[in-house]
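Visitor: sequence first, then the predicted structure, then my questions.
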Amino acid sequence: QELDPISPCLSETMKLAVLSALVSAAAAFTGSAPAKSSTALKAKYADELGAQVPLGYWDPLRVLSHVDNDEKFTFFREAEITHGRVAMLAMLGQLVVRAGFHWDGDFEGVAYADIPPGFAAFDVMPAGLKADIIATMAFLQCGVRNIEGTGNEFPGDYRNGWIDFGWDNFTDEQKLKKRAIELNNGRAAMMGITGLMVHEQLHTSLPIIGQL
């Protein structure tokens with residue numbers, strides 16, 4: 001049987017990602033001296049998108065203690081939005097595949113229906129499919145950001161002059177509400193997919209989801 005050299009590397013990488021997430025979560029409960037006054041930071045960012053009920057301004061990891069200008073804040077906000085979008089797709093993929101829905105056909109002789117969700121997929125996917133996934137990620141990361149044209153109103157606005165879906169027809173209040181919904185759903189999805197990744201490594205059985 002031909003061995004796929006990519007699978008062990010990806011598997012180890014995913015496990016390291018889970019470990020990193022656990023370490024970050026643990027850091028939330030440890031104290032550290034912020035580089036800037038938390039009162040000053042709260043005053044500056046208390047009204048930013050995402051500082052909303054019920055928690056308001058909440059920065060347990062003191063990420064903003066390293067922010068000394070608006071450019072850095074914009075960088076962190078864009079990272080939060082894009083990671084949230086990826087996490088929402090990941091959660092949707094988990095739920096859809098575990099519910100029994102698959103693409104028809106196959107890739108390099110491996111049927112899509114035979115590719116399981118989660119970490120186990122990397123042991124089954126052909127090398128070519130893994131390469132396609134990595135290439136798509138690289139394109140989205142490097143090829144669709146900061147393009148002149150329609151869009152770029154706020155961090156994470158990647159319309160880039162060719163896609164709109166009627167965004168410009170919304171009022172400013174509606175736009176702000178929809179951005180807040182996306183941001184909160186992304187935060188929930190990041191927590192959700194991290195939890196699934198952890199429990200999959202623990203082989204936990206969860207309601208609705210089933211055996212991980």
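Guide: In hand now; what should we look at?

Visitor: which residues in the protein form strands?
Guide: With DSSP state E as the definition, the chain shows strands at residue ranges 106-107, 110-111, 205-206, 210-211.

Visitor: of all these, which lies closest to Met88?
Guide: strand 205-206 (18.8 Å; CB to CB). Where C-beta positions appear, they are placed from N, C-alpha and C, glycine not excepted.

Visitor: in its sheet, what does that closest one sit against?
Guide: Sheet partners assigned to strand 205-206 using DSSP bridges are listed as strand 210-211 (antiparallel).

Visitor: state the mean pLDDT of the strand it pairs with.
Guide: The pLDDT scores in strand 210-211 average 64.

Visitor: do stretch 64-83 as well
Guide: Averaged across stretch 64-83, the pLDDT comes to 88.

Visitor: kindly format the C-alpha coordinates of it as PDB.
Guide: Included here for stretch 64-83 are C-alpha records, laid out as PDB according to Å, rounded to 0.1, in the frame of the first residue of the first chain:
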ATOM      1  CA  LEU A  64      -5.500  45.100  22.900                       C
ATOM      2  CA  SER A  65      -2.800  45.800  25.400                       C
ATOM      3  CA  HIS A  66      -0.400  45.400  22.500                       C
ATOM      4  CA  VAL A  67      -2.400  47.800  20.300                       C
ATOM      5  CA  ASP A  68      -0.900  51.300  20.200                       C
ATOM      6  CA  ASN A  69      -2.500  52.600  17.000                       C
ATOM      7  CA  ASP A  70      -5.600  52.200  14.800                       C
ATOM      8  CA  GLU A  71      -3.700  50.300  12.100                       C
ATOM      9  CA  LYS A  72      -2.900  47.400  14.600                       C
ATOM     10  CA  PHE A  73      -6.500  47.400  15.800                       C
ATOM     11  CA  THR A  74      -7.700  47.100  12.100                       C
ATOM     12  CA  PHE A  75      -5.300  44.200  11.600                       C
ATOM     13  CA  PHE A  76      -6.600  42.300  14.700                       C
ATOM     14  CA  ARG A  77     -10.200  43.100  13.700                       C
ATOM     15  CA  GLU A  78      -9.700  41.700  10.100                       C
ATOM     16  CA  ALA A  79      -8.000  38.600  11.500                       C
ATOM     17  CA  GLU A  80     -11.000  38.100  13.900                       C
ATOM     18  CA  ILE A  81     -13.500  38.400  11.100                       C
ATOM     19  CA  THR A  82     -11.700  36.200   8.600                       C
ATOM     20  CA  HIS A  83     -11.000  33.500  11.200                       C
END
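
Visitor: that one: which residues count as buried?
Guide: Of the residues in stretch 64-83, those with enough neighbours to count as buried (16 or more other CB atoms under 10 Å) are Leu64, Ser65, Val67, Phe73, Arg77, Glu78, Glu80, Ile81, Thr82.
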